[in-house]
Structure formats: C-alpha cells, structure tokens
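[1] no sequence on this one, just coordinates:
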C-alpha cells in the first residue's frame, strides 16, 4: 500500500481567524466567575465599560474583544485563556504539546506510539485541539488496522469541522481521511464520494491546498484502479504529480510515482512500471522512509518477475522481507511472502510456496485493512495445494479467497479465483465445471456475456 503516509498540513491554532460569533461558553464562564466573587455587573464593569455591556456578554449577545477579555480575567482573578476557551493556560499548553507530539509521530509513521501519546490527551473545550487530536488518532488507528475506530473518530472530527472556527479546508481534510478509511474497508463508492467532496470543499476555500489536493487525487486513483478505470486513475496520478513537482515535495512525488507504477503494471507496461518504481524507491531512500522502501523493493521484485528476471525478482523480494521484519511491519512481511510464493509456484517449488502463504496468513490475522494481501495468500495457497494433488484442501483455500475478494468488490481479483477454480475442476476431470468457471472469470472482465 502507499499513498498518504503523513497527514496533510493542519491549520495551526495561530492561523485560525479570531471568532467574532457569539460564544455561549464564554458568557457562562464570565457570569459564573462574577457570581463566585460576589460582584454585581456594575461592580465588574467598574468604569471600564457599562453595566449593560457586561449584561450583553453574560447573555451571549456580544463577543468581547481580546483586550476586554484580558481585562475581565484580571478583574475576576482568572486566566484569560480560561474565559476565552474554558481551559487554563497550563492545561492548554500540555494538551497542545501532546497533540503536536502525536502529529510528529504520525509524520514519522510511528502510528502506535502516536495513539499511546494521545491516550494522555484530556478532553477540553478548545475545538482546534480536539480537532487536531481526532485527526491524528484517526489516522494512526487507520494505519494500525483499527478501521471502524478510525471512522468513528474522524466522524467526530467531521461534526466539529462543520462549526466555527473551522472552514472548507478543515472539512476537506476530514473527508479525505474518511475516504482513505473507506477505501481500506473496500467501500469504494463511498470513498470516491468522500474524495470528490473533499476536492469540492478545497475549491470552495479559495486556497491552493496543493498538498491536500495531491493526496486526495493519489488515493482516488487507487479507487479507480480497483474499479479498473485506468484512464481516470492515470488522470488523477498525472494531476497529483504536477502538484508534487510544483511543491518540490519528494515524499508526495514518491507516493504518486508509486501509484503510477501500479497502474502501469496493470495495463501491461512493465518496463514503465519498473522505471517509476525505481524512481520512487530512490526518493524513499533519500527520505529515510523504510516502510515504503520495503514496499518498493517488493514491487520491483514483482516487475522483475514479470519481465522474466526471476533471480533478480527473488533478490528484491527477500530484501523487502528482511526489511519488513527488521522494522516490525507484519503486513509488509506478509506481502513479501506472498510475492515469493508466486515465484515459487512458477518454479514448481510448491511446498515452499505453501509454507510462505500460510506464514503470510498468520501475520495478517485480524488485519482487515490488508484483505487484498490475505486473499492473494489464500489464492496462492490453493494453487500450491493443487500442484501437490491435495485438491480438497485447495478447494477450501479457493473458497476462502473468493469470500475475501467479494469483500473487496474487485472484478480482477475474483476473476483470478474463478480461473483457479476452473483449473481445480479440470484437475478433478470435471470439464463442464471447469468451462463454467472460466466463462465466469472471462465475463467478469468484459462488457459482454457469452
């Protein structure tokens, strides 16, 4: 996988325009502090303003200026930040430090650590901090495979973003992240809807939002690829690449080249796919991004295999496996094992292919965000079992792969399973069933039916 590997730029609190709408929370805090100190509205006004003005503040009819808030805080003996946002300065500083640390960890792809840091973040009345915390935790949980929890957090952020002081860019950011979660949940139509709306909100903001737009386009290209809409996928990738180059952002460029290589491979342009992946690999190495270095090594191994360079393919895949194990990325280790199994099947090393696919399935247990890899492992396990003459076990593996790929809504993956089931039927001597499976596979990839 790839694409978005660090969050789009958040709007820091300092960049959010001061709210001029009425804040009922501030009104209640002023009134509560005044009553606790036994002051009348006239005594609180104390010549600085009129009693009527204090009354309007306490009834939420007007919003005092920053200068007046500071004056009221001094008069009432409270922190001005408490009056304005419902939190004392020390609490705000601690909360902001936790959120900033979590954002740094997310950018470094240390998602589990970011989630642990945010466990110490106490709920506060500062919308900007709540928003940033929800975005960071939602993104971290998505990459840890906790997709339902991620969606719930991001939906809370989405509700916050519909109210001041947030605007279209914040709404677009949340929609983007929700789209990523829904893509990983294989809700492809919903994901495309989120990405489309995110781009419209970005347009409505009147701001460039180049990084956010590029990320949205890169992930939407994944959806188009899943739907075999190569033209739309290429268009999104090209637009994202132009934005990356305009920003001179090597990470964004690498992410986009990664996606471009996958589209080129699916269209049969294997030398182009390898060139794009090699460039992405170089950029990831320069960035010190071990996760994506490993993923590119695995993909490069696949492209070498397609080009007939089996020895080089195995070398690349083994490098990817070693790196994934070293950095503790079990899904990437599973992906590399599946890739090695494909090569092993081609060389009739069927027992080793079986061992590698079973190991991959153990590593992927509970990771619903990698069902494409799990389905591939089940498919290749079935093929290794057919080659060993263990046909009943193979049938069970193919059935499992079919169920997995049904969840993905991917015609090409399902066609691969049905083709394998046809081969199984042929091995059993049931040519009628074999032909039916082959026809089913062919029809799934065509606009016509036999």
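    Cool, the structure landed. Because the structure is a prediction, the values reported are computed rather than measured. Numbers count the residues shown, from 1 in each chain.

[2] so after the least confident helix or strand in the chain by mean pLDDT, what's the next helix or strand?
    Ranked by mean pLDDT, DSSP states H and E, the weakest helix or strand in the chain is helix 80-85, scoring a mean of 70. Following helix 80-85 in sequence order, the next helix or strand is helix 89-107 (DSSP states H and E).

[3] so which strand or helix has residue 145?
    If you go by DSSP H and E, residue 145 is not part of any helix or strand.

[4] for it, what are its contacts?
    Contacts for residue 145 were tallied using C-beta atoms under 8 Å, 6 or more residues apart in numbering; they are 331, 366, 367, 368, 369, 370. All C-beta spots, glycine's among them, are computed from the backbone N, C-alpha and C.

[5] Which members of those residues are classed as buried?
    Restricting these to buried positions leaves 331, 367, 369, 370, with burial counted as 16 or more other C-beta atoms under 10 Å.

[6] Count the residues that sit near residue 122.
    Per other C-beta atoms under 10 Å, the neighbour tally for residue 122 reads 10.

[7] Can you tell me how far it is from residue 359?
    According to C-beta to C-beta, to the nearest Å, residue 122 and residue 359 sit 42 Å apart.

[8] returning to what we had before: which one of the contacts of residue 145 sits closest to residue 135?
    If you rank those by distance to residue 135 using C-beta to C-beta, residue 369 comes first, at 18.1 Å.

[9] pretty sure that closest one contacts residue 142?
    Yes - when contacts are counted by C-beta atoms under 8 Å, residue 369 is listed as touching residue 142 (7.3 Å).

[10] nearest residue to residue 149 other than its sequence neighbours?
    Leaving aside its chain neighbours, residue 149 sits nearest to residue 141 (4.9 Å; criterion: C-beta to C-beta, 6 or more residues apart in numbering).

[11] Can you get me a residue count around that neighbour?
    Residues contacting residue 141 under the criterion other C-beta under 10 Å number 24.

[12] Name all residues that make contact with it.
    By C-beta under 8 Å, 6+ apart, residue 141 lies in contact with 111, 115, 147, 149, 150, 153.

[13] and the residue nearest in space to the middle of the chain, what element?
    Nearest residue to the geometric centre of the chain (C-alpha atoms, centre = their mean): residue 180, 4.3 Å. Using DSSP H and E, residue 180 sits in helix 168-184.

[14] That helix - contacts with which helices or strands?
    Secondary-structure packing of helix 168-184 (3 or more C-beta pairs under 8 Å, 6 or more residues apart in numbering; DSSP states H and E): helix 127-143, helix 147-161, helix 188-205, helix 210-226.

[15] what about it, average pLDDT?
    Helix 168-184 shows a mean pLDDT of 97.

[16] just stretch 99-109 next, same as before
    Regarding stretch 99-109, the rounded mean pLDDT is 94.

[17] Residues touching that stretch, excluding its own?
    The contact list for stretch 99-109, computed with C-beta under 8 Å, 6+ apart, reads 5-7, 10, 111, 113-115, 117-118, 121, 129, 132-133, 136-137, 139-140, 143, 289, 291.

[18] go with 10 Å
    Outside stretch 99-109, the residues that touch it by C-beta atoms under 10 Å, 6 or more residues apart in numbering are 5-7, 10, 12-13, 110-121, 126, 128-137, 139-140, 143, 251, 288-292, 327, 329.

[19] mind listing what the closest residue to residue 199 other than its chain neighbours touches?
    Once flanking residues are discounted, residue 199 sits nearest to residue 216: 5.7 Å by C-beta to C-beta, 6+ apart. For residue 216, the contact set (C-beta under 10 Å, 6+ apart) comprises 3-4, 8, 172-173, 175-176, 179-180, 194-199, 202, 209, 236, 239-240.

[20] mind showing which ranges of this protein have poor pLDDT?
    1-24, 82, 85-91, 123-125, 447-450 (pLDDT under 70).
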